[in-house]
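K.L.:
Pasted the sequence and its predicted model underneath.
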Amino acid sequence: MSLFITAFVVGGLISVVGQLLFDVAKLTPAHTLCLLVVIGSVLDGIGWYEPLIDFAGAGATIPITSFGNSLTHGAMAEAEKHGFVGVLTGMFEVTSSGISAAILFGFIASLLFKAKGKN
Amino acid sequence: MVSKGLLTFPSNPSIAATGVTAGPLEKKSPFSSQFDKIYTDERMHLKTNEQGHAKMIEDASMIALSKIDAVPSKADFFFAGDLVNQMTPSNFSASTLQIPYIGMFSACATSISSLLMAALVTDANLSEITLAGAGSQHNAIERQFRYPVEYGSQKPESSQWTVTAAGIAVVTPNRKKTPVITKGTMGRVIDLGMTDPLNMGAAMAPAAMDTLERHLKGHQASEADYDLIMTGDLGKTGFTIFKELATRKEIVVSEKFQDAGEAFYGGDPKFFSGASGAGCSSAIYFSEVYGKMMTGDYQKVLLIATGSLLSPLSYQQGETIPCIAHAVELMMK
Amino acid sequence: MDEKKFAKIEQQLSPKTPLGLNIVKAFLTGGTICLIGQFIAMFYMTFFDFTERTASNPTVATMVFLAMVLTGLGQYKKIAQFGGAGAAVPITGFSNAVVSASIEHKSEGYVLGVGGNMFKLAGSVILFGVVSAFTVALIKTILVKFGVVSW
């Protein structure tokens, strides 16, 4: 049960960081998301992201930061096994379910929908 | 007498008729009853937004011509423009209409830059019938300048909503009982370093101010001479800034000052700061303002259409937003 | 009028960003999306053979699917107008970026339009994700070799 609360709070707080980057730092959405992905990657490098997932569940895996985390995690797992070569081969093995799902569903959406200019 | 962008038209060319077409969402506009045609489909039942855009300009032209019982083959010139890359909607409509054509680009100020060109050829006694106007189609313009239509970005209060509308005027040599074009002022590009494409009104306000000041000074006129001084699409934010700039220049800002962008959707907060797009000023000028001149409610008006001359490329390269405003003075004699 | 003087007037008269309200709305929206994600993860763990770790893949895919439907029906942009970063930061925002570009460019065909533009908004996120993953892994490997840190 407590995982639901922490998921809500942590997911909400990561979003607040994004909102501050929008409104205070005046970054575009694209710049903001790129920065968050890099932050997720660095946090995994220093070993903080996995504990965050244990603590917050979907609150840490749903924000875009987890994308940086999962890519870095895959690369580091290979590097641990094979050293420097592993850094490279790891890059080719890591995938993100987010990307493949977005490609597939993006294509399906283009078959199904048309854009509507209503507000 | 012509000097430094100031124009006078001694023969007083007439706006003999107008045609205004608009998309389904524009039904929400308090002026919608004055539009000649409102489509039920945002693509005008065509395959792409751009085809719909061309259709809208074409229909507005045909409607305007039909009001003086003319056909495209009788027309001498066609000056029109829009905001799509290379203005293909205007080009395609000109292809259908087969009227000798020059595409005009002054962004959202194209309604007036086209009208000035039409007045020039008519005043030079080179034309019996000239069509002038501009249009914009929401989906086609949004994808060009901002994000895909369905992309979720949080729009600030200062952002504006591109209208789906086109307005075309038929300019002829002087005719009785029609509004005539007496004077004009060609704008200068003004750039005061604004960079936010979601606050275009603020970027355009100084251009409107510059043209207003040059028009009044150059033609020895005063703001009190007009029944209406209407800017193009500054929106709530830009119009507030424009009025502040005017006040600082000791111009008396009264109820006579209006903005087509602010008025277009009747201040509905769903449209944020108001309307924009080349179709915004042309639709209001050629329906509401033209109509009130015909009925005699307005005798002398000054229309100052504003345009921001940026491109997505110039914005991404970090350039500021250059802006322009063109003015035309209409009289009902 | 010079630029500085005008910038001052513009700052005074342009509407202010309602920062406090935006933050609250971003928190609620982002939190709610993650909460829904947590329910979906629970679902996969309870009814399928997933663990807390492996459930994240199907959860992310499901969220991407839901965002596709909402984008196609024209609802996601409304959520984003309300929630700001709360709608952009979760993976659903990534999905919205890909799906909205796909739908938009359908008019240029599936190869040049959909294929060529699908990642025009989201592509930079993938670029920086991959490059930073490579860099971080490389740095960490070097540090481990020199005995500064351990895996």
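P.N.:
Received the coordinates, thanks. Numbers count the residues shown, from 1 in each chain, chains lettered A, B, ... in the order given.
K.L.:
Give the closest residue to the residue of chain B found nearest chain C in space, chain neighbours not counted.
P.N.:
Proximity of chain B to chain C (C-beta to the nearest C-beta) peaks at B:Gly152, 2.5 Å away. (Glycine included, C-beta is placed from N, CA and C.) Leaving aside its sequence neighbours, B:Gly152 sits nearest to C:Ala80 (C-beta to C-beta, 6 or more residues apart in numbering or on different chains; 2.5 Å).
K.L.:
these two touch, right, that neighbour and B:Tyr147?
P.N.:
No: between C:Ala80 and B:Tyr147 there is no contact under C-beta atoms under 8 Å: 10.3 Å.
K.L.:
So which of those two has more stuff around it?
P.N.:
For C:Ala80 and B:Tyr147, the more surrounded residue by other C-beta atoms under 10 Å in any protein chain shown is C:Ala80, and the numbers stand at 25 against 19.
K.L.:
before we move on, which element is that one in?
P.N.:
In the assignment (DSSP states H and E), C:Ala80 maps to helix C:76-83.
K.L.:
Show me the contact partners of that helix.
P.N.:
The contact list for helix C:76-83, computed with C-beta atoms under 8 Å, 6 or more residues apart in numbering or on different chains, reads A:15, A:119, B:149-155, C:25-26, C:28-30, C:67, C:70-71, C:87-88, C:92-93, C:96, C:100.
K.L.:
Which residues belonging to that helix are considered buried?
P.N.:
Buried residues in helix C:76-83, counted by 16 or more other C-beta atoms under 10 Å in any protein chain shown: C:Tyr76, C:Lys77, C:Ile79, C:Ala80, C:Gln81, C:Phe82, C:Gly83.
K.L.:
Next, see if the helix or strand following that helix gets close to chain A.
P.N.:
For helix C:76-83, the succeeding helix or strand toward the C-terminus, using DSSP H and E, is helix C:85-88. Yes: judged by C-beta under 8 Å from any C-beta of the partner chain, helix C:85-88 and chain A are in contact via C:Ala85, C:Gly86, C:Ala88.
K.L.:
Kindly identify which of those residues also come near chain B.
P.N.:
The residues of these that also fall near chain B, by C-beta under 8 Å from any C-beta, are C:Ala85, C:Ala88.
K.L.:
and which of the residues of helix C:85-88 next to chain A is nearest to C:Val60?
P.N.:
For those, the closest approach to C:Val60 (C-beta to C-beta) belongs to C:Ala88, at 15.9 Å.
K.L.:
What separation do you get for the closest one and B:Tyr315?
P.N.:
C:Ala88 sits at a distance of 20 Å from B:Tyr315 (criterion: C-beta to C-beta, to the nearest Å).
K.L.:
the more surrounded of these two?
P.N.:
Set C:Ala88 next to B:Tyr315 and count neighbours by other C-beta under 10 Å: C:Ala88 wins out with 30 against 16.
K.L.:
residue contacts, that one?
P.N.:
A:Gly18, A:Pro29, A:Thr32, A:Leu33, B:Gly152, B:Ser153, B:Gln154, C:Ala80, C:Asn96.
K.L.:
List the ones among those that fall in strands.
P.N.:
The members of the contacts of C:Ala88 all map outside strands under DSSP state E.
K.L.:
who wins for neighbours among the residues you listed?
P.N.:
Neighbour max across the contacts of C:Ala88 (other C-beta under 10 Å) = C:Asn96, 31 neighbours.
K.L.:
Could you report the pLDDT at it?
P.N.:
We have a pLDDT of 97 for C:Asn96.
K.L.:
now the one 3 residues further on
P.N.:
Among the per-residue scores, C:Val99 shows a pLDDT of 97.
K.L.:
Mind putting the residues of helix C:85-88 next to chain A into JSON lines with pLDDT?
P.N.:
Shown next, in JSON lines, are those (pLDDT from 0 to 100):
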{"residue": "C:Ala85", "pLDDT": "98"}
{"residue": "C:Gly86", "pLDDT": "98"}
{"residue": "C:Ala88", "pLDDT": "97"}
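K.L.:
chain center to the helix or strand that contains C:Leu28: distance?
P.N.:
For C:Leu28, the enclosing helix or strand under DSSP H and E is helix C:19-47. The chain centre lies 13 Å from the centre of helix C:19-47; the measure is C-alpha atoms, centre = their mean, to the nearest Å.
K.L.:
Can you give the distance of the next helix-or-strand element following it from its chain's centre?
P.N.:
As assigned by DSSP H and E, the chain's next helix or strand after helix C:19-47 is helix C:56-72. The gap between where helix C:56-72 is centred and where its chain is centred comes out at 12 Å by C-alpha atoms, centre = their mean.
K.L.:
Please apply the same query to stretch C:82-91.
P.N.:
7 Å.
K.L.:
Show the end-to-end separation of it, please.
P.N.:
One end of stretch C:82-91 to the other measures 17 Å (C-alpha to C-alpha, to the nearest Å).
K.L.:
residues in contact with the helix or strand in which B:Ile229 is found?
P.N.:
Taking DSSP H and E as the criterion, B:Ile229 maps to strand B:228-231. With contact meaning C-beta under 8 Å, 6+ apart, strand B:228-231 is reached by B:208, B:212, B:223, B:239, B:242, B:256-261, B:284-285, B:289, B:292, B:298, B:301-306, B:325.
K.L.:
what does the helix or strand that comes right after that strand rub up against?
P.N.:
Sequence-wise, the next helix or strand downstream of strand B:228-231 (DSSP H and E) is helix B:235-248. Under the contact criterion C-beta under 8 Å, 6+ apart, helix B:235-248 has outside partners B:157-158, B:160, B:199-206, B:208-209, B:212, B:231, B:234, B:253, B:257, B:259, B:261-262, B:267, B:272-276, B:306, C:1, C:9-10, C:13-15.
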